[in-house]
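Participant: Take a look and give me a structure for this.
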Amino acid sequence: MTWEPERLDDQAQLSAGDPGAMLPAVASAAAQVRTAHRNAGESGVARLAQEGRPRAIVVAGMGAAALAGDILAVLCGYGAPLPVVTVRSGRLPGWVGATDLVMAVSSSGRTAETLSVATEAARRGSSLLAVTAPDSPLHAIATQASALFVPVEPTGPSRANLWGLAVPLVAAADALGLIKAGPDLFEDVAKGLEEMAHRCRPTSESFVNPGKALAMELAESVPVLWGATSLTAIAAHRLALQLHENAKYPAMWGALPEAGHNQLAVVEGPLAERDIFADTAARTVRLVLLRESDERPLELLGIAHDRGVPVTELVAEGAHPLERLATLIELGDYASVYLALGYGVDPTPVAAITELQARISQ
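Facilitator: All right, here's what the predicted structure looks like:
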């Protein structure tokens, strides 16, 4: 597979290369926010407040579902009156009990690890909130436990439905008084996502399309993605996951300042070397810094620039943290799909992952 950037502005090639309609799925983010917020309200997440504030919140999920838990945790912040923990495995922590709230999140409702955690939560008498597909195994567990259930309306693969999974958790935190997230916020988030989708639309040419431009910078490189804050670290993590699954492309991610204490060493390793006389582009390190407008680690950037390592800076846009995170994630989602299409890779199927899941379920 070779990188051919001209594919990105050829509408026929974009359409033919995306038979699973991943680009339209990415463009559905704003609709996901509005639908998920409505579903959360109609499902009665406000009733969580009737049981009083839990001792802790545990979010169980894998992939995008787990990232929804990270989003909830960063919005609650360090000053939250209770811990928000994301579990990315099939085991519920031993300390979780009847005074805790477990949020089991799965777009398909069939994720083996999440089903295991939800079953254990019900057995221990924990409060349970299931965010999942109707008539799925996870929905059945919630029904049997008389737990709250918020339906998910999937748009493409699970990874393309992040906001359908995250918004109900944010709405639940609002009901519990942990954050303020009213209808106006979700509408602002949806509008920000619509604006980013418009800027990144397939018919917008590469020189004015931020999604295509980012894909072109990432191509033929080894991306090292760093979040400068706890908020933008989630976007860095998300971009790495999307590059893996959509583009089948390797990437590493980290959070500053910790990443500066170990990952920074890659700027002087073998993959940071460049041959200016080479006939073809070398696959070398590119740092991608995802940051807030007022957060720019000059010392770190100086070290990279001094060694000739290229740096891409992505700045979060929006007034509220959720707005900034959403638009940054949307940009990365588009870039991952355009990177796949530029290489002639179908962004939708993930054959190796599907095979692994089949083997686990046997």
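Participant: any idea which element Thr155 lies in?
Facilitator: Using DSSP states H and E, Thr155 sits in no helix or strand.
Participant: actually Ile303, not the one I typed
Facilitator: Using DSSP H and E, Ile303 falls in helix 298-306.
Participant: for that helix, which positions count as buried?
Facilitator: Neighbour counts over helix 298-306 (16 or more other CB atoms under 10 Å) mark 300, 303-304 as buried. C-betas here are computed from N, CA, C, even on glycine.
Participant: Repeat that for stretch 26-46.
Facilitator: For stretch 26-46, burial by neighbour count (16+ other CB under 10 Å) applies to 26-37, 39-40, 43, 45.
Participant: As PDB, could you dump the C-alpha coordinates of that stretch?
Facilitator: This file holds the C-alpha atoms of stretch 26-46, laid out as PDB (Å, rounded to 0.1, in the frame of the first residue of the first chain):
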ATOM      1  CA  VAL A  26     -17.900  10.400  11.600                       C
ATOM      2  CA  ALA A  27     -20.200  13.200  10.300                       C
ATOM      3  CA  SER A  28     -23.000  11.900  12.500                       C
ATOM      4  CA  ALA A  29     -21.400  13.000  15.700                       C
ATOM      5  CA  ALA A  30     -23.700  16.000  16.200                       C
ATOM      6  CA  ALA A  31     -26.800  13.900  15.700                       C
ATOM      7  CA  GLN A  32     -25.400  11.300  18.200                       C
ATOM      8  CA  VAL A  33     -25.100  14.000  20.800                       C
ATOM      9  CA  ARG A  34     -28.700  15.200  20.400                       C
ATOM     10  CA  THR A  35     -30.100  11.700  20.200                       C
ATOM     11  CA  ALA A  36     -28.200  10.400  23.200                       C
ATOM     12  CA  HIS A  37     -29.200  13.400  25.300                       C
ATOM     13  CA  ARG A  38     -32.800  12.800  24.400                       C
ATOM     14  CA  ASN A  39     -32.600   9.100  25.100                       C
ATOM     15  CA  ALA A  40     -30.900   9.700  28.500                       C
ATOM     16  CA  GLY A  41     -33.700  12.100  29.500                       C
ATOM     17  CA  GLU A  42     -36.500   9.800  28.400                       C
ATOM     18  CA  SER A  43     -34.900   6.800  30.100                       C
ATOM     19  CA  GLY A  44     -35.000   8.600  33.400                       C
ATOM     20  CA  VAL A  45     -31.300   9.100  34.400                       C
ATOM     21  CA  ALA A  46     -32.600  11.900  36.600                       C
END
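Participant: Tell me the helix or strand right after the helix holding Ile303.
Facilitator: Following helix 298-306 toward the C-terminus (DSSP H and E): strand 311-315.
Participant: what is the orientation angle of that next one with helix 298-306?
Facilitator: Using axes from the mean of the first three to the mean of the last three CA atoms, to 10 degrees, the inter-axis angle of strand 311-315 relative to helix 298-306 is 140 degrees.
Participant: Could you list the paired strands of strand 311-315 along with their orientation?
Facilitator: strand 284-291 (parallel) (DSSP bridges).
Participant: ok, residues contacting the partner strand?
Facilitator: 217-218, 221-229, 232-233, 235-236, 239, 266-267, 269, 271-274, 297, 301, 304, 309-316, 328 (CB atoms under 8 Å, 6 or more residues apart in numbering).
Participant: so where does the residue positioned nearest the centre of the chain fall, helix or strand?
Facilitator: Nearest to the mean C-alpha position of the chain, by CA atoms, centre = their mean, lies Arg238 at 3.8 Å. Assigned by DSSP H and E, Arg238 belongs to helix 230-246.
Participant: What residues sit buried inside that helix?
Facilitator: Of the residues in helix 230-246, 231-246 count as buried by neighbour count, 16+ other CB under 10 Å.
Participant: Alpha carbons of it, as CSV, please.
Facilitator: Taking Å, rounded to 0.1, in the frame of the first residue of the first chain, the C-alpha atoms of helix 230-246 are listed here in CSV:
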residue,chain,number,x,y,z
SER,A,230,-5.8,15.8,31.1
LEU,A,231,-8.5,16.9,28.6
THR,A,232,-6.4,16.8,25.5
ALA,A,233,-4.8,13.6,26.6
ILE,A,234,-8.1,11.9,26.0
ALA,A,235,-8.1,13.3,22.4
ALA,A,236,-4.6,12.0,21.9
HIS,A,237,-5.7,8.6,23.1
ARG,A,238,-8.7,8.6,20.9
LEU,A,239,-6.6,9.6,17.8
ALA,A,240,-4.2,6.7,18.5
LEU,A,241,-7.1,4.3,18.7
GLN,A,242,-8.7,5.6,15.5
LEU,A,243,-5.4,5.5,13.6
HIS,A,244,-5.1,1.8,14.7
GLU,A,245,-8.6,0.8,13.7
ASN,A,246,-9.5,3.0,10.8
